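Chemist: Next comes the sequence, and after it the predicted model I'd like to discuss.
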Amino acid sequence: STPKPSSAASDVYKRQTPWRRHCSLGLLRVEHATSLNSRAMPDAAADWDVGMPTLLIAEQSTARATNALIEAVPANRWQDLNLTFQKAPGDEDWTVRAADFTGIARVDVEGVPVHLKVTPKIQGLDLFFLADWAYGSKSVGKKLTDARANLAALRSEPAACLLGWYVAEVLAFATRWLRRGYVVREEDLIGRVRGRIDVARYLNRSLAQARPHVIPARFTEPTHDTAVNRYLKAGLRQAAVLARAVPLDTARTALDELTRRTLAMFAGVSDVSVRPQDARRFNLSGPLRHYAPIVRFTTALLEGTYVSTEIGGHTQDAIMWSLNGLYEQALRNVLDAWPGASGVRGRHRATLIDGSGRVNGSTPVKPDYVIRRPDGVRLVLDAKYKNVMPSTSIEPDEMIDLTPTRGQRIRVRRADIYQAVAYGRHSGLRTDQVALLYPIALRPDEPYPAPLRVRGFSPVCHIVFFDVGSHADAHRLDLYQALEGL
């Protein structure tokens, strides 16, 4: 028999029908049998248990956890980490499913800190390549090398890679563009004059106290202690705090050294508490125009665009980000860099009307990318961050499994094909060239796979692959050639 949920949902549990009961604790749920004929499979050894220093799972995959471990952590904490738990009839252990967030977090299990590590689902994925193109710097690896960072140590830990990327950007910026501003100071000068004399204070204090040689003055002086520099230093401090959660010692040491070296550039800048909203007050025009990209990056860090610094009631103990979002943004910038091609902008909608022509509603039609090739042909492209993922909720005839590389499979869902074809048939996007773009990680000795075609539809739907592995930058031209050949 399956254990009942925790007491927080026991009343809900009792009110359900005996054949299908669902109880929800945020994302934590228990699903019971829908049929008397369901049989439990033998339990495999649990992947997660109390006493383990590290809990490992790949994004959008599953692991097995003991009941003792699940009960040792509050349900809302599991929910905040985007993990769901399910138990089938007869199982002693829980099936853990990770969402599309990748990174690390610290979880307290019976008072002992444990590292939760969610790894990328694509083995060999080069996070530096995605980082380069997602933020448009295209030189993260070089900047880390110039900063004398331990590149090998950072590459081995995705969370350290992300933080090292940010710190290297700040160091490169500070080395070249860190500017001084001017601040107004008031000071009592002895026997000398600077700026403007505060006459009222001189009469009321200096002369009244028989100290005519003490001259209160107000003047401006250059300093690095400006509001925008304080904002950048706060971002560095945040990165330093997050680095403590990196479980790999070599990567954590490399990050500490890189952060200390960068903070030395801000020695004359005050440590203040900042919020992401503070960036709106900065005037980043004129002499400060070079600050705009690095301020946006710092704001992304503080807001949690790629890094989550506050999860539930636990502050600064997790580094989680969506590789799906990073992949889509990187691919967008790679397509923008296609020589001779250009992006096509426009707003398109699908409208529902009745028999008299009256509009009853509409919904936006938004493919990920609409590109005009150098030969003038319009391409409608949709990014699909997919890899082989066990999924019991999808029937075999709903998907096609492809093997474009050794040891890696791509899952093409029927719904994705329908979606791409529908985009191509829309009156505002009408084109004969639509494609789904799937990420792969090619090995050095593997050729770039040719596009595939899905026959039977008009327009024809193509399957195109985008390399995100260690030699991804060298295969960008292969991507352009594949799209030109559609």
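Modeler: Right, received. Where do you want to start? Numbering: from 1, shown residues only.

Chemist: quick one, helices of the stretch 1-150 of the chain?
Modeler: Per DSSP state H, counting those that start in this stretch, the stretch 1-150 of the chain carries helices over the ranges 10-15, 67-72, 75-80, 127-134, 140-146.

Chemist: what does the stretch 351-486 of the chain give?
Modeler: 414-425, 476-484.

Chemist: which of the helices of the stretch 1-150 of the chain has the lowest average pLDDT?
Modeler: Looking at the helices of the stretch 1-150 of the chain, the lowest mean pLDDT belongs to helix 10-15 (a mean of 35).

Chemist: which stretches of the stretch 151-300 of the chain have low pLDDT?
Modeler: Along the stretch 151-300 of the chain, the parts satisfying pLDDT under 70 run over 151-158.

Chemist: how about the helices of it, start to end?
Modeler: Using DSSP H, counting those that start in this stretch, helices in the stretch 151-300 of the chain cover 151-155, 158-177, 199-201, 227-243, 249-263, 292-303.

Chemist: any idea which of the ones you listed is most buried?
Modeler: helix 158-177 (a mean of 23; mean count of other Cβ atoms under 10 Å). Any C-beta I mention is one placed from the backbone N, CA and C, and that applies to glycine too.

Chemist: before we move on, the earlier item: want to throw the helices of the stretch 151-300 of the chain into CSV with distance to R443?
Modeler: Formatted as CSV, the helices of the stretch 151-300 of the chain follow (distance: least, Cβ to Cβ, whole Å):
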stretch, distance to R443
helix 151-155, 16
helix 158-177, 19
helix 199-201, 74
helix 227-243, 31
helix 249-263, 24
helix 292-303, 32
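
Chemist: For A99, find the nearest of those.
Modeler: helix 158-177 (16.0 Å; Cβ to Cβ).

Chemist: Extract the CA atoms of the closest one and return them as CSV.
Modeler: Extracted C-alpha coordinates of helix 158-177, given in CSV (Å, rounded to 0.1, in the frame of the first residue of the first chain):
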residue,chain,number,x,y,z
PRO,A,158,28.2,24.8,-15.0
ALA,A,159,27.3,27.1,-12.1
ALA,A,160,30.9,28.3,-11.7
CYS,A,161,30.9,28.8,-15.4
LEU,A,162,28.0,31.2,-15.2
LEU,A,163,29.4,33.2,-12.3
GLY,A,164,32.9,33.2,-13.9
TRP,A,165,31.3,34.6,-17.1
TYR,A,166,29.8,37.5,-15.2
VAL,A,167,32.9,38.3,-13.1
ALA,A,168,35.2,38.2,-16.2
GLU,A,169,32.9,40.6,-18.0
VAL,A,170,33.1,43.1,-15.0
LEU,A,171,36.9,42.7,-14.9
ALA,A,172,37.3,43.4,-18.6
PHE,A,173,35.0,46.4,-18.3
ALA,A,174,36.7,47.8,-15.3
THR,A,175,40.2,47.4,-16.9
ARG,A,176,39.2,49.6,-19.8
TRP,A,177,36.1,51.7,-19.0
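
Chemist: Return the angle between stretch directions for it and helix 127-134.
Modeler: Per axes from the mean of the first three to the mean of the last three Cα atoms, to 10 degrees, the angle that helix 158-177 makes with helix 127-134 is 50 degrees.

Chemist: nearest to D132, of the helices of the stretch 351-486 of the chain?
Modeler: helix 476-484 (11.2 Å).

Chemist: Any buried residues in that closest one, and which?
Modeler: The neighbour-count check on helix 476-484 (16 or more other Cβ atoms under 10 Å) flags R476, D478, L479, Y480, A482, L483 as buried.

Chemist: That one - contacts with which helices or strands?
Modeler: strand 460-467 (3 or more Cβ pairs under 8 Å, 6 or more residues apart in numbering; DSSP states H and E).

Chemist: and the strand it packs on, which strands flank it?
Modeler: Here strand 460-467 is paired, per DSSP bridges, with strand 433-440 (parallel), strand 452-454 (antiparallel).

Chemist: Isn't L236 up against R261?
Modeler: No - contact criterion Cβ atoms under 8 Å: L236 and R261 do not qualify, at 10.6 Å.

Chemist: ok, back up a step: which of the strands paired with strand 460-467 is buried the deepest?
Modeler: Here the criterion is mean neighbour count by mean count of other Cβ under 10 Å, and of the strands paired with strand 460-467 the winner is strand 433-440, at a mean of 24.

Chemist: pLDDT of that one, averaged?
Modeler: 92.

Chemist: Right, I'll call it a day here.
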